[in-house]
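Q: predicted structure and sequence below. I'll ask about it afterward.
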Amino acid sequence: MSTTTLAGREVHVDAEGFLTEYDEWDEELAQQLADQIGVEMTPEHWDVIRFLRADYAETGQTATTRRVNAVGGFPVKKQFALFPKKPGKKMSYIAGLPKPAGCV
Amino acid sequence: MTDMQTQPAVVPDFGDDDETDRKLVIICSKGNLDMAYPGLVLANSALGEGIQVELFFTFWGFDMITTKRQTKLKFTPVGNTAMHLPTGGRMPQWLSPFPGMTWVATKMMKKQIDDLGVPPVDEFLDQIVASGGRLWACKMSADMQKVTMDDLRDDVEGIITAADFMDLSEGAQTLFI
């Protein structure tokens, strides 16, 4: 684990660049994370990211695409449209959470 | 000021710029509940990684895409020497063919799957199709079982021949399950 400077402050990240401290994240930071991977944030994107944050706070785990659909109510097709190709990883990166650990 | 410089942020590589067109073809040939899942889990996972996925259903695997049957797949401990009891230890083989055992074992497995938040077969296929996966049915199996497109899920792309399958699987990594 190391630190890097994002949105003008020092944050902890893992080797791939995912944030490792839940409380170091805020929406300003998320905006920069999204910019870095070429995701243009819209209100729909924010809805998904906020769900992931709230769900992690509750369960201690990053929601999988399945859970984002079943619990969050965001259809899988929509997730792929908002976060192309690798929705699970991209969503968690922007939300400042670890990659989903579940298989499904 | 000079020693205050920090490293530029590490940005994960999500492979968006990669030119690879990795493709996975999974042949689903089993109609038992426990053997339906390996293909579904792998297909779903691959799609989530941006990999193109084609699922080809043949023989008993047809039950996974036959609308009347896909929610009724069963798991039987018969002939499965790796079957363990919830209390620990192995299930004696002479016990497994007893009436009601398949019903009990199926019920238990469905509960375990549900407890993990993993969807039933029909919903899992819904998710796979929503993620961009495509479903294909085998012509010979359809002919043998006298099944037509009317008996299959609406999202099955078509009933195709072994030769069509060769086109479908060109350049793909293929798994037989």
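A: All right, it came through fine.
Q: now do the buried residues in the longest helix seen in chain A.
A: Longest helix in chain A, counting residues (DSSP state H): helix A:43-59. By 16 or more other Cβ atoms under 10 Å in any protein chain shown, the buried positions in helix A:43-59 come out as A:45, A:48-49, A:51-53, A:55-56. For every residue, glycine as well, the C-beta is placed using N, CA and C.
Q: point out where chain B drops to low pLDDT.
A: B:1-8, B:19-20 (pLDDT under 70).
Q: near chain A, which residues of it?
A: Neighbours of chain A within chain B, by Cβ under 8 Å from any Cβ of the partner chain: B:6-12, B:14-16, B:41, B:44-45, B:48-50, B:116-119, B:124, B:127, B:130-132.
Q: one step back: the following helix or strand past the longest helix of chain A and chain B in contact?
A: Sequence-wise, the next helix or strand downstream of helix A:43-59 (DSSP states H and E) is helix A:65-70. Yes. Shown here: helix A:65-70 in contact with chain B (Cβ under 8 Å from any Cβ) through A:65-67, A:69-70.
Q: got a list of contacts for helix A:65-70?
A: A:48, A:51-52, A:55, A:74-76, A:79, A:87-88, A:91, A:100, A:102, A:104, B:44, B:48, B:117-119, B:127, B:131 (Cβ atoms under 8 Å, 6 or more residues apart in numbering or on different chains).
Q: just checking, what packs against the worst-scoring helix or strand of chain A on mean pLDDT?
A: Of the helices and strands making up chain A, the lowest-confidence element is strand A:2-6, at a mean of 84, by mean pLDDT, DSSP states H and E. Strand A:2-6 sits against strand A:9-13, helix A:27-36, with contacts defined as 3 or more Cβ pairs under 8 Å, 6 or more residues apart in numbering or on different chains; DSSP states H and E.
Q: point out the most buried one among the ones you listed.
A: Of all the helices and strands packed on strand A:2-6, helix A:27-36 has the most neighbours on average by mean count of other Cβ atoms under 10 Å in any protein chain shown, namely a mean of 17.
Q: when you scan that helix, is anything in it near chain B?
A: Yes. Judged by Cβ under 8 Å from any Cβ, helix A:27-36 comes into contact with chain B at residue A:36.
Q: grab the CA positions of that helix and hand them over as CSV.
A: Output of helix A:27-36 as CSV, limited to C-alpha atoms (Å, rounded to 0.1, in the frame of the first residue of the first chain):
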residue,chain,number,x,y,z
GLU,A,27,-17.5,13.0,-4.4
GLU,A,28,-14.9,15.4,-5.6
LEU,A,29,-12.3,12.6,-5.5
ALA,A,30,-14.8,10.3,-7.3
GLN,A,31,-15.1,12.9,-10.1
GLN,A,32,-11.3,12.8,-10.5
LEU,A,33,-11.2,8.9,-10.4
ALA,A,34,-13.9,8.8,-13.1
ASP,A,35,-12.0,11.4,-15.2
GLN,A,36,-8.9,9.2,-15.0
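Q: so what touches it?
A: For helix A:27-36, the surrounding residues in contact (Cβ under 8 Å, 6+ apart) are A:6-7, A:9, A:11, A:19, A:40-41, A:45-46, A:49, A:93-96, B:9, B:11.
Q: quick one: name the residues of chain A near chain B.
A: Residues of chain A lying near chain B by Cβ under 8 Å from any Cβ: A:4-6, A:10, A:13, A:15-18, A:36-38, A:64-67, A:69-70, A:75-77, A:80, A:84-90, A:93, A:102-104.
Q: from residue B:140, how far out is the most centrally placed residue in chain B?
A: Geometric centre of chain B, nearest residue: residue B:40, 2.1 Å, by Cα atoms, centre = their mean. Separation of residue B:40 from residue B:140 (Cβ to Cβ, to the nearest Å): 23 Å.
Q: which helix or which strand is home to residue B:114?
A: Residue B:114 belongs to helix B:101-115, assigned by DSSP H and E.
Q: what helices and strands are in contact with that helix?
A: Using 3+ Cβ pairs under 8 Å, 6+ apart, helix B:101-115 is in contact with helix B:33-48.
Q: next SSE after the helix it packs on?
A: strand B:52-57.
Q: from the middle of its chain, how far away would that next one be?
A: In this view, strand B:52-57 has its centroid 9 Å away from the chain centroid, taken as Cα atoms, centre = their mean, to the nearest Å.
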